[in-house]
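Chemist: This is a predicted model, with the sequence first.
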Amino acid sequence: MAMDRVLWASMPAAAAALGCGGKRGKAEEGKEDHSLGMGPLVGQLGEWLCRAVVPAPAPRVCGTPGGPPVTAPRVRLSDGRHLAYEESGVPRESARYRIVFSHGFTGSRLDSLRASQEVAEELGVYMVGFDRAGYGESDPNPNRSVRSAAVDMEELADALGLGDKFYVVGFSLGCHAVWGALKYIPHRLAGAAMLAPVVNYWWPGFPAELAAAEYGKQQYGDQWALRVSHHAPGILHWWMEQSWLPTSTVVANTTHLPNKRDAEIRRTLTADGTLQKKREMATQQGIHESYYRDMTVMFGKWEFDPMGLPEPPCPVHLWQGDEDGLVPVALQRHVAGKLRWVNYHELPGTGHFMSAVPGLGDTVLRTLFG
């Protein structure tokens, strides 16, 4: 692929060995892969590296011997896994509108739009947040994918009796589940909203030069973390645990945040221990099952390109800040420009942490239901 060539061109020759992991996505089949252009010797080195890395540790599953306790209500899915959830807003039985909320990277079932109870009651909105697979108290899914994220939301909605159609809302990296829902279960959706949705630099709909330019603005460790997630997901858990290798500043909580509100929020939540508590809750079954699987799903090889989706039978809204230090606004604008059916809301002077934007949760609800 052209994007592979651009993203790998400036790296040392040994980097090509990291092209050993994972299948090519259907959206990328039939396209030339330039990530392994160093000949048979490097290819053999990559295969050796994949075999040599120690497998990720087994998860400490909630409710099993030696695992964390189950404290939240959970539903059982068709494959036997459990999803933990948290309800808010008005009672689901009396609600006019029902939302399934997909939390972001490092999040949990306790995350939400932070809309006021008054507006939720005025509009009749019920919302259920859930720990995505491997997070918090939801069972891990070793086969986690964009499709499974969408199906998990569908099965949760059915288990709770949310009706034939429901709304889906996602934040940040959790929006891959919303894209999945638009692809795999559009007939079940009454509407969808995404706040600061993370993008995959390898989506075919991005011009290679634009994607490479925005990728190059990311911090060095993040470039490598994404590169490994995409080309060699099988060794990500090992890579991320090596102190001598460049790794994700997002996981380390050291990413440069250009927006002043974002930076202040992080300083405050770090100082009072909130971010550490969130991390412990999110990763209690294993960081590989939560953070690292998130990275390999989000930045891996998708079965489809969101920019190739047909118009769904429901309204779709997308909110993006123009000072987001984690999601390039230039790429989000391109997505919105390609998908004319997306109602794009760009917020000036706004960063990534949208739940902290005063009144935005109420604005989202009124936009969807007002």
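Modeler: Arrived safely.

Chemist: Could you pull up the contacting residues of the residue lying closest to residue 136 once chain neighbours are set aside?
Modeler: Closest residue in space to residue 136, ignoring its immediate chain neighbours: residue 108 at 4.8 Å, by CB to CB, 6 or more residues apart in numbering. Yep, even glycine has a C-beta here, placed from its N, CA and C like the rest. Residues in contact with residue 108 (CB atoms under 8 Å, 6 or more residues apart in numbering) are 129, 131, 135, 136, 278, 281, 282.

Chemist: what about the fourth one, is that helix, strand or coil?
Modeler: What that stands for is residue 136. Using DSSP: H, G, I helix; E, B strand; the rest coil, the structure places residue 136 in coil.

Chemist: Kindly report the same for the fifth one.
Modeler: Reduced to three states with three-state DSSP, the structure at residue 278 is helix.

Chemist: Count the neighbours of the nearest residue to it once chain neighbours are set aside for me.
Modeler: What sits nearest to residue 278 in space, not counting adjacent residues and going by CB to CB, 6+ apart, is residue 106, at 6.0 Å. The number of residues packed near residue 106 is 21, by other CB atoms under 10 Å.

Chemist: How much space separates residue 106 from residue 97?
Modeler: Distance, residue 106 to residue 97, by CB to CB, to the nearest Å: 28 Å.

Chemist: Likewise for residue 365?
Modeler: Taking CB to CB as the measure, residue 365 falls 8 Å from residue 97.

Chemist: Of these two, give the one with the bigger neighbour count.
Modeler: Taking other CB under 10 Å, residue 365 and residue 97 do not tie; residue 365 has more neighbours (25 against 20).

Chemist: my guess is that one contacts residue 121, does it?
Modeler: No: using CB atoms under 8 Å, residue 365 is not in contact with residue 121, being 10.9 Å away.

Chemist: tell me the contacts of the nearest residue to residue 79 once chain neighbours are set aside?
Modeler: In space, residue 79 comes closest to residue 141 once its chain neighbours are excluded; the distance is 8.0 Å by CB to CB, 6+ apart. If you count contacts by CB under 8 Å, 6+ apart, residue 141 has them with 79, 81, 133, 134, 148, 152, 293.

Chemist: pLDDT weak spots in the stretch 251-370 of the chain?
Modeler: Judged against pLDDT under 70, the stretch 251-370 of the chain has no low-scoring part.

Chemist: Could you pull out the strands in it for me?
Modeler: Counting by DSSP state E, counting those that start in this stretch, the segments of the stretch 251-370 of the chain that form strands are 316-321, 342-347.

Chemist: I'd like those laid out as JSON lines, including distance to residue 116 and mean neighbour count.
Modeler: What follows is the strands of the stretch 251-370 of the chain, written out as JSON lines (distance: least, CB to CB, whole Å; neighbours: other CB atoms under 10 Å):
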{"stretch": "strand 316-321", "distance to residue 116": "17", "mean neighbour count": "22"}
{"stretch": "strand 342-347", "distance to residue 116": "19", "mean neighbour count": "17"}
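
Chemist: what would these look like in CSV with distance to residue 242?
Modeler: Below are these laid out as CSV (distance: least, CB to CB, whole Å):
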stretch, distance to residue 242
strand 316-321, 33
strand 342-347, 38
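
Chemist: Tell me which of those strands lies nearest to residue 329.
Modeler: Closest approach to residue 329 among those (CB to CB): strand 316-321, 6.0 Å.

Chemist: how much does that closest one deviate in direction from strand 342-347?
Modeler: Here the directions of strand 316-321 and strand 342-347 differ by 20 degrees (axes from the mean of the first three to the mean of the last three CA atoms, to 10 degrees).

Chemist: Show me what strand 316-321 is packed up against.
Modeler: Judged by 3 or more CB pairs under 8 Å, 6 or more residues apart in numbering; DSSP states H and E, strand 316-321 is in contact with strand 189-195, helix 329-338, strand 342-347, helix 360-369.

Chemist: which one among the contacts of residue 108 gets closest to residue 71?
Modeler: residue 136 (9.6 Å).

Chemist: Surely the closest one and residue 284 touch.
Modeler: Yes: counting by CB under 8 Å, residue 136 touches residue 284, with 7.1 Å between them.

Chemist: So for the two, which residue has more residues nearby?
Modeler: With neighbours defined as other CB under 10 Å, residue 136 and residue 284 compare such that residue 136 has more, 27 against 19.

Chemist: Contact partners for that one?
Modeler: Per CB under 8 Å, 6+ apart, neighbours of residue 136: 72, 84, 108, 109, 281, 282, 284, 285.

Chemist: Among the residues you listed, name the ones in helices.
Modeler: If you go by DSSP state H, the contacts of residue 136 have 281, 282 in helices.

Chemist: what's the closest non-adjacent residue to residue 119?
Modeler: Counting by CB to CB, 6+ apart, residue 119 lies nearest to residue 362, which is 4.5 Å off, once chain neighbours are set aside.

Chemist: No further queries at this time; thank you.
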